[in-house]
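**Q** Task: produce atomic coordinates for the following.
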Amino acid sequence: MPFTPYHFGPNGCLGLVFRKWIDVPVFILVNVIVDIEVLMVMVLGLGWPPHRYCHTLLIGAVVGMLSGVAAYPLRNFFKKIMHIFRLSYETSLWKMVVSGILGVWLHVLIDGLCHNDLRIFWPNTDWRLALWAIITYVFTGNIYQHHISVKLLKMICIAFFIVAFIVYILILQISKKIVAENKIG
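**A** Presented below is the predicted three-dimensional model:
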């Protein structure tokens, strides 16, 4: 997707829901990191499709792993940021690495729904596998159409952002209730 912020909806939503197992800051920030590839192709005029190597499951996993490792020294900074949002934050190197990989993979899968230049299974160039056909059928109703419109995908991502906001509010309410119960008890 040419505008990374749309990815923050799905990644934010899933990151908040699974925050016990996912490092939310890393899971969200890898969306910016993986799209540096698109920016570089556009700025440098490299003449190849913008979604090339980092937008594959294989190289994307490496990018996610390296992002998790690079983010590890920033864990105390992330903890302060999460504290500002009143969210608990416990992490480990393993959690950050896994979150980086899963975050990039979600980004690649979202981009793969609407960009024809992705080869998510690279080096295998036949990315239109049966699983992919099933995924696109869910969104398009057409087994032969292997992508959805960017407009529809943006609407889906915005819907996820709204759900993420609702999940965030619920987390705050539950946390407030638990704190109040602990003060009483």
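
**Q** right, and His55 touches Asp111 too?
**A** Yes: between His55 and Asp111 a contact is recorded at 5.9 Å, counting by CB atoms under 8 Å. The C-beta positions use only the backbone N, C-alpha and C, and glycine is treated the same way.

**Q** Now do the shared contacts for the two.
**A** Overlap between the contact sets of His55 and Asp111, as judged by CB atoms under 8 Å, 6 or more residues apart in numbering, is given by Leu118.

**Q** Count the neighbours of the nearest residue to Ser67 once chain neighbours are set aside for me.
**A** Leaving aside its sequence neighbours, Ser67 sits nearest to Gly100 (CB to CB, 6 or more residues apart in numbering; 4.1 Å). The burial count assigned to Gly100 is 30, neighbours taken as other CB atoms under 10 Å.

**Q** Please identify the helix or strand for Gly100.
**A** In this structure, Gly100 is located in helix 93-112 according to DSSP states H and E.

**Q** same for that helix, what does it pack against?
**A** Contacts of helix 93-112 with other secondary structure elements, assessed using 3 or more CB pairs under 8 Å, 6 or more residues apart in numbering; DSSP states H and E, are made with helix 8-17, helix 24-34, helix 57-71.

**Q** could you dump those to CSV with distance to Glu90, mean pLDDT and mean neighbour count?
**A** Shown next, in CSV, are those (distance: least, CB to CB, whole Å; pLDDT from 0 to 100; neighbours: other CB atoms under 10 Å):
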stretch, distance to Glu90, mean pLDDT, mean neighbour count
helix 8-17, 14, 92, 21
helix 24-34, 11, 93, 23
helix 57-71, 15, 95, 19
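
**Q** Looking at these, which is nearest to Val150?
**A** When the helices and strands packed on helix 93-112 are compared by CB to CB, helix 8-17 sits nearest Val150, at 14.4 Å.

**Q** which other residues reach the closest one?
**A** Contact partners of helix 8-17, identified using CB under 8 Å, 6+ apart, comprise 22, 24, 27-28, 31, 99, 103, 106-107, 110, 156-164, 167-168, 171.

**Q** Flag the shaky bits of this protein, pLDDT-wise.
**A** Scanning the chain for pLDDT under 70 picks out 1-4, 123-147, 185.

**Q** redo that, cut-off 80
**A** Low-confidence regions of the chain, defined by pLDDT under 80, span residues 1-4, 47-52, 113-150, 179-185.

**Q** Noted, bye for now.
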